[in-house]
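>>> Would you be able to build a 3D model of this:
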Amino acid sequence: MVRDAACAAPHHEEWAGPPLSSAKAADTVGDCPETKRNSVPTIYKICPASAWREAERRGVYRGSADDARDGYIHFSTAAQVAETARKFGLRVQMDGARFANAVASLGVKPADITWKLGVDVLCFGGSKNGIALGEAVIFFDREMAKDFDYRCKQGGQLASKMRFLSAPWLGMLKDGAWLRHAGHANAMAKRLEAGLKPIRGVKICHPVESNAVFATFEKNVEEQLHARGWHFYTGVITRDESRLMCSWDTTPEDIDGFVADAREIAG
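This next block holds a predicted model:
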């Protein structure tokens, strides 16, 4: 069975108001193109949380006062995010719930996409990669780690038997198990994509770059898949997109079973 988990897919932001000369409607979130996204770079916008929540509520981001003044919306590439944050006295924290999947997919060293790009803190995910519970918080600037243990205790996050949370990391990091698990999950997602693509009425909405497949199904197919015991979320990014997650223990038989059911239902 395809196991579900929280999504960490990057946002391709929409905009209105001052036009961006390179922007095309088909490149925004709502269109679900199967091929065009491969040529669309991921861009980032640093803004107050309140502004982003308002953009999510309205379904459009109109930019800040500075953007309106300059006549365009300021974005950053991945390499520029840290520099932009520094200008405003901010630190950069990476949500690494699927950090292992990213490293396995990109074929890079962990340092290449963390501290070398200006990341200050990495939350290294383990619970989505085979560890029962617990994440590793890695500070690349040790000054920032001061009092962190105290803050964890004050926040009720200090386990009485911390060794039971720490010990599984020894096995995960030993001999590259963390990368093998992630690589397997990524491969299962590719297998799922390949199986779903030929099925009538199924559209793959985004390039499969890690262990997630985002697809749309005809409504009756989606409902009958749930009725057969397959559990997945729909409406996570856009209203009609279903999110299919593969994990470290997803088997080829799981994937083939899901694909076979989808093909049978779709006719």
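
>>> Report the separation between residue 80 and residue 73.
Distance, residue 80 to residue 73, using CB to CB, to the nearest Å: 14 Å. Yep, even glycine has a C-beta here, placed from its N, CA and C like the rest.

>>> out of the two, which sits in the more crowded spot?
residue 73 (23 against 15; other CB atoms under 10 Å).

>>> correct me, but that one touches residue 45?
Yes. Applying CB atoms under 8 Å, one finds residue 73 in contact with residue 45, separated by 7.1 Å.

>>> joint contacts of these two?
residue 61 (CB atoms under 8 Å, 6 or more residues apart in numbering).

>>> And the residue lying farthest from the centre of the chain, which helix or strand is it part of?
What lies farthest from the middle of the chain is residue 69; by CA atoms, centre = their mean that is 32.4 Å. Following DSSP states H and E, one finds residue 69 within helix 65-70.

>>> my guess is residue 148 meets residue 141, correct?
No. Using CB under 8 Å, residue 148 is not in contact with residue 141, being 11.6 Å away.

>>> quick one: residue 195 from residue 266, how far?
Distance from residue 195 to residue 266, by CB to CB: 12 Å.

>>> Tell me the buried residues in stretch 82-97?
Neighbour-count burial for stretch 82-97 flags 82, 84, 85, 92, 94, 96, 97 (criterion: 16 or more other CB atoms under 10 Å).

>>> Name the nearest residue to the last one, sequence neighbours excluded.
The one in question is residue 97. Nearest non-adjacent residue to residue 97, counting by CB to CB, 6 or more residues apart in numbering: residue 125, 4.0 Å away.

>>> quick one, phi psi at the one you found?
Phi and psi for residue 125, reported as degrees, to the nearest 10, are phi -80, psi 130.

>>> the longest helix in this structure is where?
The residue-count maximum for a helix in the chain (DSSP state H) belongs to helix 177-196.

>>> Could you give the separation of that one from the chain centroid?
15 Å (CA atoms, centre = their mean, to the nearest Å).

>>> And stretch 168-185, by the same measure?
19 Å.

>>> how about it: buried residues?
Within stretch 168-185, the residues scored as buried using 16+ other CB under 10 Å are 168, 169, 172, 178, 179, 181, 182, 183, 184, 185.

>>> Now name the helix or strand holding the second one.
Assignment of secondary structure by DSSP H and E places residue 169 within helix 163-173.

>>> ok, and what's touching that helix?
With CB under 8 Å, 6+ apart, helix 163-173 has contacts from 126, 129, 130, 131, 132, 133, 134, 136, 159, 177, 178, 181.

>>> 6 Å instead, please
Residues from elsewhere that reach helix 163-173 (CB atoms under 6 Å, 6 or more residues apart in numbering): 131, 134, 159, 178.

>>> least confident pick among those?
Among those, residue 159 carries the weakest pLDDT, at 81.

>>> How many residues are close by residue 245?
23.

>>> Could you check how far residue 252 is from residue 213?
For residue 252 relative to residue 213 (CB to CB), the value is 15 Å.

>>> hang on, the earlier thing: kindly tell me how buried the residue nearest to residue 97 is, as a neighbour count.
Residue 125, neighbours per other CB under 10 Å, totals 22.

>>> Could you shift the numbering so residue one becomes 845, and keep it that way?
Sure thing, new numbering starts at 845, so read that last one as residue 969.

>>> While we're on it, how confident is the model there?
Residue 969 carries a pLDDT value of 92.

>>> and what of residue 848?
31.

>>> and if you look at residue 1033?
Residue 1033 is assigned 97 on the pLDDT scale.

>>> list the contacts for it?
By CB under 6 Å, 6+ apart, the neighbours of residue 1033 are 1052, 1055, 1057, 1090.
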